[in-house]
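# just to be clear, the model below is a prediction. Sequence and coordinates:
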Number of protein chains: 2
Amino acid sequence: MPESYHVDAYKVEGKIDYDQFAKQYGLKPIDPELTKRLEKYTGPLHFLLRRNIVFAHRELDWILNEYEKGNPFYLYTGRGTSKGMHLGHLMPFMLAKWLQDKFGVEIYIQIPDEEKYLAKKDIDMSLDEIHSMAMDNVLDIIALGFKPAKTKIFFDTNYANTMYKNAVRVAKHITFSTVKDAFGFTNESNIGLLFYTAMQAVPAFLKSVEVGHNVPCLIPLAIDQDVHFRVARDVLGKLGYYKPSIIYTKFLPGLDGTSKMSSSEGGNTIYLDDPPEVVKKKVFRALTGQQATAELQKKYGGDPDKCMVCQYYRYFFEPNDKKLEAIFKAERNGTLLAGEHKAALADTINKFLKEHRRKKERAREKLDKFIVSD
Amino acid sequence: MPESYHVDAYKVEGKIDYDQFAKQYGLKPIDPELTKRLEKYTGPLHFLLRRNIVFAHRELDWILNEYEKGNPFYLYTGRGTSKGMHLGHLMPFMLAKWLQDKFGVEIYIQIPDEEKYLAKKDIDMSLDEIHSMAMDNVLDIIALGFKPAKTKIFFDTNYANTMYKNAVRVAKHITFSTVKDAFGFTNESNIGLLFYTAMQAVPAFLKSVEVGHNVPCLIPLAIDQDVHFRVARDVLGKLGYYKPSIIYTKFLPGLDGTSKMSSSEGGNTIYLDDPPEVVKKKVFRALTGQQATAELQKKYGGDPDKCMVCQYYRYFFEPNDKKLEAIFKAERNGTLLAGEHKAALADTINKFLKEHRRKKERAREKLDKFIVSD
């Protein structure tokens, strides 16, 4: 990885070069041939796919081959526990939900409540506190509209009879050397975290264990988690399972234009529980591509690629490509001024969040239909 | 450790110097003051204690202090799965059973079915096969007469909701450096085995987790397992639990006089399912302290300390000290000849095994009363 950015499971820093990342780790671009094949089954593509925000894959073509042969896949994704989820966290789940709907497939959602506990050196939270924080994250996920009959959500620590036993089978084939190189662990890393990647591998073949024959698995993933599956794919092959296929989403940028909206950068991050006035304040501080004054902006126009307001429409809030182009055009030709531009986005976000929170409240009653434990 | 022997969790070799081991790792001898205190509660001591086969301890005095204060302990021991158990495997359990009876306390017995799977590089057994092998070991343990109402036996892989969650809490405080130094792991060790010691630590504080306050724990242990608790005792202190106390038994020697009866040394090892004629054959090949001929033996006598037949009475088959002394005396003064000496031991062992197997058959019906899972 070049010095200018860093992406691994426990740290994302700098300006991410997605093409370089794809090249370095052998990800394939999602090319027109592939999107055409997808469209055959899904109809019009999700805007994340149309806009190259889902930008790369591993063996998505193979998943479609198998699907065409009558061997459908299941989806697997997960959610590393955090205090409160932000907009960026929702993106892979929105894609996963769309895939579930379009292909009519099952999804397994892992909640690795132990990982956060193990990864943070100075965390003063108990595992129980993290567990209940994770439960709040689950409500945000369910709120997106997953089908209860086809969705299985589990916490590592209370689905452990299933998870630990299968993780042990994976762990036997992974050495300290491997995780040291892959994750940058040192001799001072704790043994729980060294082991953890084996737990994250399990849902990628769990369905095959359950039904007793190999079932293809497709993982919608943010690139920081790729390292887990670079390790796991090799091992799963050795254990006689299919290697999981993966499609990769780019990160939603921070409001300041950094590559990734981050939980620890409060001011540049819209949390799902931010009240309207906080959202507004944050959006008004966003980086825009606009000129120094309204006059100059009218004269020269702005750059929608650098304007986070435009980008938030692109990544999240404007599914309609024509409307998005209109926004971009208005930005370019200077007819849209920063103030109204931001006010409109803040409104849109607040409407989304209000609706999301309403769905989240209703998710509470449905929890039992989603969560499995053993 | 001196070059002449090696003892750790995954290898025992050479002639063990128990005093040296105790000194090196800070174990205390079980002195007359301590045995007197024990006797106050147990009545006459178990012969393993009387004969210095239980030879050392960590904080047994503290366990008795707490007991006297009305804060009783529970016992914890375990059984690393093996194909078939041998006589040596039973010793710590016989001691544990005696302690359960005399103090009227609970015992937790861990069956780490994943450990064997992770530790053996070339094992061609699946985790399921090891699990059913372990189930056979459990029958041998129950056959010793543990009280079902006060005994809890669990397999790591199907008590994992309890075990994994608590192991994670331990694992967070153990680094790769620590397990590398303690167990001799290398960069090529697998991450399952690196993590495993955290699983073995859990039963030492599990009772405290269950009841919500600290309960003293006493572990009857063979010295090869001490390394796990040298690591765990520190961590449990950090987590706010009592450090477990430990009493150590020496290994039953092999029939050839090696320090430890070993599963992989079939000819020198009496397995619990050896048929009578096999037992006889093995015993007749045992090392004795006797002279080269019957005539010389009658003239000079033998050395009971070097005679494995005498030692098997001492370690296992003659609980009565006076009768044992009579056997030793007969060996010393040459009135006992090798042939009859061995024939008598073989008979005694076969009687024991016959009775053990009868009890083992009956244990099958009681399994449910002992095994907990979650």
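That came through fine.

# counting by contacts, list what the longest helix along chain A packs against.
If you go by DSSP state H, chain A has its longest helix at helix A:338-370. Helix A:338-370 makes packing contacts with helix A:127-142, strand A:151-155, helix A:276-284, helix A:308-312 when contacts are defined by 3 or more C-beta pairs under 8 Å, 6 or more residues apart in numbering or on different chains; DSSP states H and E. Where you see a C-beta, it was placed from the backbone N, CA and C, and this is true even at glycine.

# between these, which gets nearest to chain B?
Ranking the helices and strands packed on helix A:338-370 by distance to chain B, with C-beta to the nearest C-beta as the measure, places helix A:127-142 first at 6.3 Å.

# wondering if the closest one reaches chain B at all.
Yes. Contact check for helix A:127-142 against chain B, using C-beta under 8 Å from any C-beta of the partner chain: residues in range are residue A:127.

# and residue A:247, that one's in a strand?
Yes. Using DSSP: H, G, I helix; E, B strand; the rest coil, the secondary structure at residue A:247 is a strand.

# distance of it from residue A:346?
In this structure, residue A:247 and residue A:346 are 31 Å apart, going by C-beta to C-beta, to the nearest Å.

# if you count surrounding residues, which of the two has more?
When neighbours are counted by other C-beta atoms under 10 Å in any protein chain shown, residue A:247 and residue A:346 differ, and residue A:247 comes out ahead with 27 against 22.

# quickly list what that one is bridged to.
For residue A:247, the residues forming beta bridges with it (DSSP bridges) are residue A:57, residue A:220.

# pretty sure it contacts residue A:60?
Yes. Taking C-beta atoms under 8 Å as the definition, residue A:247 is a contact partner of residue A:60 at 5.7 Å.

# what is in contact with those two at once?
Overlap between the contact sets of residue A:247 and residue A:60, as judged by C-beta atoms under 8 Å, 6 or more residues apart in numbering or on different chains, is given by A:30, A:218.

# you'd agree residue A:235 is in a helix?
Yes. Note on residue A:235: a helix contains this position according to three-state DSSP.

# ok, it touching residue A:166?
No. Counting by C-beta under 8 Å, residue A:235 does not reach residue A:166; the two are 11.4 Å apart.

# contact partners for the residue of the stretch 201-350 of chain A found nearest chain B?
As assessed by C-beta to the nearest C-beta, chain B sits closest to residue A:231 within the stretch 201-350 of chain A, at 9.9 Å. Residues touching residue A:231, when contacts are defined by C-beta under 8 Å, 6+ apart, comprise A:174, A:178-179, A:182, A:197, A:201.

# which of the residues you listed fall within helices?
Secondary-structure check on these using DSSP H: residues within helices are A:178-179, A:182, A:197, A:201.

# for the stretch 51-200 of chain A, which spans come out with low pLDDT?
Low-confidence regions of the stretch 51-200 of chain A, defined here as pLDDT under 70, cover residues A:122-124.

# contact residues of it facing chain B?
Counting by C-beta under 8 Å from any C-beta, the residues of the stretch 51-200 of chain A near chain B are A:114, A:117-118, A:127, A:156-161, A:163-165, A:167-169, A:171-177, A:179-180, A:185-195, A:197-198.

# buried ones only from these, please, as a ChimeraX command.
For anyone working in ChimeraX, the buried entries among these, judged by 16 or more other C-beta atoms under 10 Å in any protein chain shown, can be selected with:
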select /A:114,117,118,127,156,157,158,159,160,161,163,164,165,167,168,169,171,172,173,174,175,176,179,180,185,189,190,191,192,193,194,195,197,198
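
# quick check, nearest of the ones in helices among the contacts of residue A:231 to chain B?
When the ones in helices among the contacts of residue A:231 are ranked by distance to chain B (C-beta to the nearest C-beta), residue A:179 comes first, at 6.0 Å.

# who are the packing partners of the helix or strand harbouring residue A:67?
If you go by DSSP states H and E, residue A:67 is part of helix A:60-68. Packing contacts for helix A:60-68, counted by 3+ C-beta pairs under 8 Å, 6+ apart, involve helix A:32-42, strand A:245-249.

# buried residues, the following helix or strand past the first one. List them.
I take that to be helix A:32-42. The first helix or strand that comes after helix A:32-42 along the chain, using DSSP H and E, is helix A:47-50. Applying a neighbour-count criterion of 16+ other C-beta under 10 Å, one finds A:47-49 buried in helix A:47-50.

# again with stretch A:343-362
In terms of neighbour count (16+ other C-beta under 10 Å), stretch A:343-362 has its buried residues at A:344-346, A:348-350, A:352-353, A:356, A:360.

# in PDB, list the C-alpha atoms belonging to it.
Provided in PDB are the C-alpha atoms of stretch A:343-362 (Å, rounded to 0.1, in the frame of the first residue of the first chain):
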ATOM      1  CA  ALA A 343     -30.100  23.500   3.700                       C
ATOM      2  CA  ALA A 344     -31.700  21.100   1.100                       C
ATOM      3  CA  LEU A 345     -29.400  18.300   1.900                       C
ATOM      4  CA  ALA A 346     -29.800  18.800   5.700                       C
ATOM      5  CA  ASP A 347     -33.600  18.600   5.100                       C
ATOM      6  CA  THR A 348     -33.300  15.400   3.100                       C
ATOM      7  CA  ILE A 349     -31.000  13.800   5.600                       C
ATOM      8  CA  ASN A 350     -33.400  14.700   8.500                       C
ATOM      9  CA  LYS A 351     -36.300  13.300   6.600                       C
ATOM     10  CA  PHE A 352     -34.400  10.100   6.100                       C
ATOM     11  CA  LEU A 353     -33.400   9.900   9.700                       C
ATOM     12  CA  LYS A 354     -36.800  10.600  11.000                       C
ATOM     13  CA  GLU A 355     -38.200   7.800   8.900                       C
ATOM     14  CA  HIS A 356     -35.300   5.500   9.800                       C
ATOM     15  CA  ARG A 357     -35.900   6.100  13.500                       C
ATOM     16  CA  ARG A 358     -39.600   5.300  13.100                       C
ATOM     17  CA  LYS A 359     -38.700   2.000  11.400                       C
ATOM     18  CA  LYS A 360     -36.100   1.400  14.100                       C
ATOM     19  CA  GLU A 361     -38.800   1.700  16.800                       C
ATOM     20  CA  ARG A 362     -40.900  -0.800  15.000                       C
END
